[in-house]
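>>> coords please:
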Amino acid sequence: MKINKYFRRIVMIILTLIVIVGLQYQYRFGENGYNHDVELKKQIDEQKQRNEQQLQANQALSAGVIDLKTGLEATEEHARVDLGLIKTDETFLQMSTTTDNSKKKSKVIHNPNDAIEPIE
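Numbers count the residues shown, from 1 in each chain. Next up, the predicted model:
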């Protein structure tokens, strides 16, 4: 009888250990377990950083749009820099950026139509 009593205790302890190990395995490595949670938190942090960068870029673009809509100066600057705007009474100066200035000289254009070079 004593052997049967000890045998049942040993079997119960082994079964308890198996259940505990199985639950720990499920907690650590199972679907939606601890490791999966850590990975998701890492992805969320990375996405928050990307969102913050995009938010800053969007704010800069919004400020530029508002400036273009309300301010004539920004529109004129855009036209001058990107589109080559020259007013009727202005003189257009084009300067060379090369170090040897003896071969190329700056050209003064009084008529804005002279600034357009034909495409060959």
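>>> how about the helices in the chain?
Per DSSP state H, the chain carries helices over the ranges 2-29, 34-70, 72-83.
>>> Now mean neighbour count too, for those, in TSV please.
Any C-beta I mention is one placed from the backbone N, CA and C, and that applies to glycine too. Formatted as TSV, the helices of the chain follow (neighbours: other CB atoms under 10 Å):
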stretch	mean neighbour count
helix 2-29	10
helix 34-70	10
helix 72-83	11
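>>> CSV please, covering those and showing distance to Gln94 and mean pLDDT.
Below are the helices of the chain laid out as CSV (distance: least, CB to CB, whole Å; pLDDT from 0 to 100):
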stretch, distance to Gln94, mean pLDDT
helix 2-29, 69, 89
helix 34-70, 27, 91
helix 72-83, 14, 78
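>>> now the ones you listed in JSON lines, with distance to Thr97?
Output for these, formatted as JSON lines (distance: least, CB to CB, whole Å):
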{"stretch": "helix 2-29", "distance to Thr97": "63"}
{"stretch": "helix 34-70", "distance to Thr97": "28"}
{"stretch": "helix 72-83", "distance to Thr97": "16"}
